[in-house]
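In: Generate coordinates for the sequence data below:
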Amino acid sequence: QAHLVESGGGSVQTGDSLRLSCTVSGGTFNLYNMAWFRQRPGTEREFVAVIRYSGGMAYYADSVKGRFVISRDNTENTVYLQMNNLTPDDTAVYFCAADRTTVQRLATKYTYWGQGTQVTVSS
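Out: The predicted structure follows:
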């Protein structure tokens, strides 16, 4: 049973950067594919990025491609989301998720979830 804890959210202005972190305990981190999702009020959870357990491949939503970078440190049991050139459309609660098999973009495919961290971007 993995336990995920996100951190690094906050309030920034358009064009700023933030780095989110998600630390995993209670599981074998280097066996998990790790993903980031986000959710705006009244909407479904939206895929942002996923990185394979080995760190060799990563996939991004079109809306963040070229601005966000997902990475992981298997020695620290942590996955990161570097977010650059933020816009108000990036305002959401950001969640990390883990699963041993999937790298799909569907939230329902992921087994473990963190509690989320708020990111607010003002214009």
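In: Next, the contact list for the residue most central in space within the chain, please.
Out: Nearest to the geometric centre of the chain sits residue 36, at 2.3 Å (Cα atoms, centre = their mean). Contact analysis of residue 36 by Cβ atoms under 8 Å, 6 or more residues apart in numbering lists 20, 22, 48-50, 70, 79, 81, 94-97. All C-beta atoms are positioned from the backbone trio N, CA, C, and that covers glycine.
In: Sort out for me which of those are in strands.
Out: In strands, defined here by DSSP state E, the members of the contacts of residue 36 are 20, 22, 48-50, 70, 79, 81, 94-97.
In: now the strands for this structure?
Out: Going by DSSP E, the chain shows strands at 3-7, 10-13, 18-25, 33-39, 46-51, 58-60, 68-73, 78-83, 92-99, 112-113, 117-122.
In: Can you name every helix or strand that the third one contacts?
Out: With contacts defined as 3 or more Cβ pairs under 8 Å, 6 or more residues apart in numbering; DSSP states H and E, strand 18-25 has these neighbours: strand 3-7, strand 33-39, strand 78-83, strand 92-99, strand 117-122.
In: What strands line up against the third one, and which way round?
Out: By that I understand strand 78-83. Using DSSP bridges, strand 78-83 pairs in its sheet with strand 18-25 (antiparallel), strand 68-73 (antiparallel).
In: Rebuild the ones you listed as JSON lines, extending it with mean pLDDT, distance to residue 6 and mean neighbour count.
Out: JSON lines is the format used below for the strands paired with strand 78-83 (pLDDT from 0 to 100; distance: least, Cβ to Cβ, whole Å; neighbours: other Cβ atoms under 10 Å):
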{"stretch": "strand 18-25", "mean pLDDT": "98", "distance to residue 6": "5", "mean neighbour count": "19"}
{"stretch": "strand 68-73", "mean pLDDT": "97", "distance to residue 6": "13", "mean neighbour count": "19"}
